[in-house]
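Asks: when you get a sec, could you give me coordinates for this:
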Amino acid sequence: MSLSRRKLIRTAAAASSVLGGHASPQAGAIPKSSRAEFPKVEGLTREVAEFILHTGYSDLPADVVELGRKSILDGMGLALCGSVAETGPLSRAYVKALGLTGGASTILGSSMKTAARFAAFVNGVGIHADDYDDTQLAVAEDRVYGLLTHPTAPALSAALALAESRSLSGRELMTAYHVGVEVECKIAEAISPRHYDEGFHSTGTCGTIGAAAAAAKIIGLDLHQTLHAMGIAASEAAGLRENFGTMTKPLHAGRAAESGVVAAELAVLGWTAAEQILEAPRGFFRAAGGGYDPNAIVHKLGQPWTFRQPGISIKPYPSGSLTHPAMTEMTRLIRTHAIQAQQVERVDVGTNRNMPNALIHHQPKTGLEAKFSMEFCMAALLLYGKAGLTEFTSQVVNRREVQAMIARIHFGVNPVAEAAGYNKMTTILDIRLRDGRTISGRADFAKGSPAIPMTYQEVADKFRDCAAFAGWSREKANRVIDTVGRLETVSDIRTITALLAG
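Replies: Sure thing, here's the model as predicted:
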């Protein structure tokens, strides 16, 4: 029986004032000091499960389909360049050492096939390996805009691996992908900001539940099986931000995709789990966040779709998304004023206080650390006029001229950017030249965000660059681009996974 709308609205409203009202959970279950912080909203997990169960391709608005198409193409291209990242051969060697090659699901960018769970794992790692994948945006005042999840890596990796093993259609893949992304994003929007602020990596945590949603849709679980899959996935959800700038950050995305597949595959066999895992006093929202905002998720799944509002950003640079407004503006200033690296005496980059909390590597020594270094991103643009896959390498990071330029970049909190609020990525640049001039600029958003979106053709160009980085021909890349452009007409998803095999 469907959850009573009246009951949900009543309990959500009662709970919404401070990420939760004063209704206490079961007596004695939670220390008295924290009872008032946690909402009591019955049937929330069931509502999510019913959304997974009942959403079909016909429920996807046309604009959402087109936005998702860009992210699907983007994710596939990133799996290709990720296949030649350091984590690529290591991930494949791990699967090979398990003796699990020869399955039905393709490890993208290679000739290897394996069981769906391990293909999802390797492909999830690959999509996130270069930190070049799409980013869920947030607009709530207590969130950092552009800093929730990387939604495509877990959801697409899980859906694609299972769809291929079942010879499903492009429409079935797209439906499961959108369901997975929507569940992942709404859960990330709802959970208390403490979840991310205090160290959890939401791509690994919320991404696991999103991957399970996509997998449940592909497999065709019934309501109780879907509830159990979510319960299993929530117990598997993990990922810590201290690992940013290491190989373990993309491991989070790979494990999220794999765990989502495992959760759905266990559930269909009859494996049980708690059926109220999101809202329970000892469930996901309480344990992982300490609280959540019911109004961010109750009756919000697909209303509107996250792809439509607030949107999902596609990255123009292979670095942490919080660097991108500065990079967009720095690129503009360099071109407008013909700035040369030798002219630069000092650069001040100012943001709100939350952005340095994620961009933690101020003196990077590796390519992975550089992805979370505002200083390196500015230095690369000033020295080379670009910051792409070939720049984010340890060899480039440790060049003498790069380290010298990094020393001239000063990154910190700017009171104007702080006052602008966290519902944008306000970044202020002041470039002091040796001739005494100061060139200044400001950006609130980056290229690739909904405010300055990338077209399908621009994403296709990015796909070609990623494919070329992996050693692919332009002709082969164009065949994938064309096929994704008509993905809803593809009768067997193996048509496209064959094109993506190395």
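
Asks: now do the end-to-end distance for stretch 272-282.
Replies: Between the opening and closing residues of stretch 272-282 lies a distance of 17 Å (CA to CA, to the nearest Å).

Asks: likewise stretch 346-362?
Replies: Chord length of stretch 346-362, first to last residue, is 15 Å (CA to CA).

Asks: average model confidence for that stretch?
Replies: Averaged across stretch 346-362, pLDDT comes to 92.

Asks: can you tell me the SS state at the residue nearest the centre of the chain?
Replies: For the chain, H150 is the residue whose C-alpha lies nearest the centre (CA atoms, centre = their mean; 0.2 Å). State at H150, reduced to three classes by DSSP: H, G, I helix; E, B strand; the rest coil: coil.

Asks: thought it was touching G204?
Replies: No - with contact taken as CB atoms under 8 Å, H150 and G204 are classed as non-touching, separated by 9.7 Å. Quick note: C-beta positions are derived from backbone N, CA and C, even for glycine.

Asks: what sits in contact with each of these two?
Replies: A253 (CB atoms under 8 Å, 6 or more residues apart in numbering).

Asks: could you find the closest non-adjacent residue to the residue lying farthest from the centre of the chain?
Replies: Ranked by distance from the centre of the chain (CA atoms, centre = their mean), the top residue is D435, with 42.5 Å. Setting aside the residues directly before and after it, D435 is nearest to Q343 in space (CB to CB, 6 or more residues apart in numbering), at 7.2 Å.

Asks: kindly report the same for N398.
Replies: The shortest distance from N398 to any non-neighbouring residue, by CB to CB, 6+ apart, is to K365 (6.5 Å).

Asks: and the pLDDT at that neighbour?
Replies: At K365, the model reports a pLDDT of 96.

Asks: picking that back up, tell me the phi and psi of the residue nearest to the centre of the chain?
Replies: With angles defined as degrees, to the nearest 10, H150 shows backbone torsions of phi -100, psi 90.

Asks: next one: A407
Replies: On the backbone of A407 - angles per degrees, to the nearest 10 - the values are phi -60, psi -20.

Asks: next one: it, what pLDDT does it get?
Replies: Here the pLDDT value assigned to A407 is 98.

Asks: measure it to R400 for me?
Replies: From A407 across to R400, the span is 11 Å (CB to CB, to the nearest Å).

Asks: if you count surrounding residues, which of those two has more?
Replies: When neighbours are counted by other CB atoms under 10 Å, A407 comes out ahead of the other of A407 and R400, with 12 against 7.

Asks: from S58, how far off is the residue farthest from the centre of the chain?
Replies: Between D435 and S58 the distance is 62 Å, computed by CB to CB.

Asks: repeat that for L168.
Replies: In this structure, L168 and S58 are 16 Å apart, going by CB to CB.

Asks: state the number of residues packed around A501.
Replies: Applying other CB under 10 Å, we find 13 other residues in the vicinity of A501.

Asks: do M405 as well
Replies: 21.

Asks: helix/strand/coil for it?
Replies: Secondary structure state of M405, per three-state DSSP, is helix.

Asks: could we number from 476 for the rest of this?
Replies: New numbering, starting at 476: the last item is M880.

Asks: tell me which element the residue nearest to H799 when sequence neighbours are not counted falls in.
Replies: Setting aside the residues directly before and after it, H799 is nearest to A921 in space (CB to CB, 6+ apart), at 3.4 Å. Assigning secondary structure by DSSP states H and E places A921 outside every helix and strand.

Asks: so what's the backbone phi/psi at A921?
Replies: When quoted as degrees, to the nearest 10, the phi and psi of A921 stand at phi -120, psi 160.

Asks: pLDDT of stretch 910-919, averaged?
Replies: If you average the per-residue pLDDT over stretch 910-919, you get 97.

Asks: give me the low-pLDDT residue ranges for the protein?
Replies: Low-confidence segments of the chain, defined by pLDDT under 70, are located at 476-511, 614, 617-622.

Asks: which residue ranges of the stretch 526-675 of the chain form helices?
Replies: For the stretch 526-675 of the chain, the helices defined by DSSP state H, counting those that start in this stretch cover 537-557, 562-572, 591-603, 627-640, 645-665, 669-672.

Asks: to L808, which of these lies closest?
Replies: Across those, L808 has its closest neighbour in helix 537-557 (26.8 Å, CB to CB).

Asks: give me the buried positions along the closest one.
Replies: Neighbour-count burial for helix 537-557, with 16 or more other CB atoms under 10 Å as criterion, is recorded at 539-540, 542-557.

Asks: check the gap between the closest residue in space to L908 that isn't next to it in sequence and L904 for me.
Replies: Across the structure, with CB to CB, 6+ apart as the measure, the residue nearest L908 apart from its sequence neighbours is Q818 (4.8 Å). Note on Q818: its distance to L904, by CB to CB, is 15 Å.

Asks: same deal with E541?
Replies: The span separating E541 from L904 equals 33 Å under the rule CB to CB.

Asks: and the residue nearest to H799, how many residues sit next to it?
Replies: For A921, the count of nearby residues is 25 (other CB under 10 Å).

Asks: could you do P925 as well?
Replies: Using other CB under 10 Å, P925 is surrounded by 16 other residues.

Asks: count the neighbours of the residue nearest to N873 for me.
Replies: Here the number of neighbours of K840 (other CB under 10 Å) works out to 14.

Asks: for the one 10 residues further on, same thing?
Replies: The number of residues packed near E850 is 25, by other CB under 10 Å.

Asks: ok, it - contacts?
Replies: Taking CB under 8 Å, 6+ apart as the definition of contact, the neighbours of E850 are 837-839, 881, 884, 886.

Asks: and stretch 852-866, end to end?
Replies: End-to-end distance for stretch 852-866: 9 Å, by CA to CA.

Asks: so how far is that stretch off the chain centroid?
Replies: For stretch 852-866, the distance between its averaged C-alpha position and the chain's averaged C-alpha position is 23 Å (CA atoms, centre = their mean, to the nearest Å).

Asks: list the buried residues for that stretch?
Replies: Neighbour counts over stretch 852-866 (16+ other CB under 10 Å) mark 852-858, 862-864, 866 as buried.

Asks: the residue nearest to L908 against T913, yeah?
Replies: No - taking contacts as CB under 8 Å, Q818 lies outside contact range of T913: 11.8 Å.
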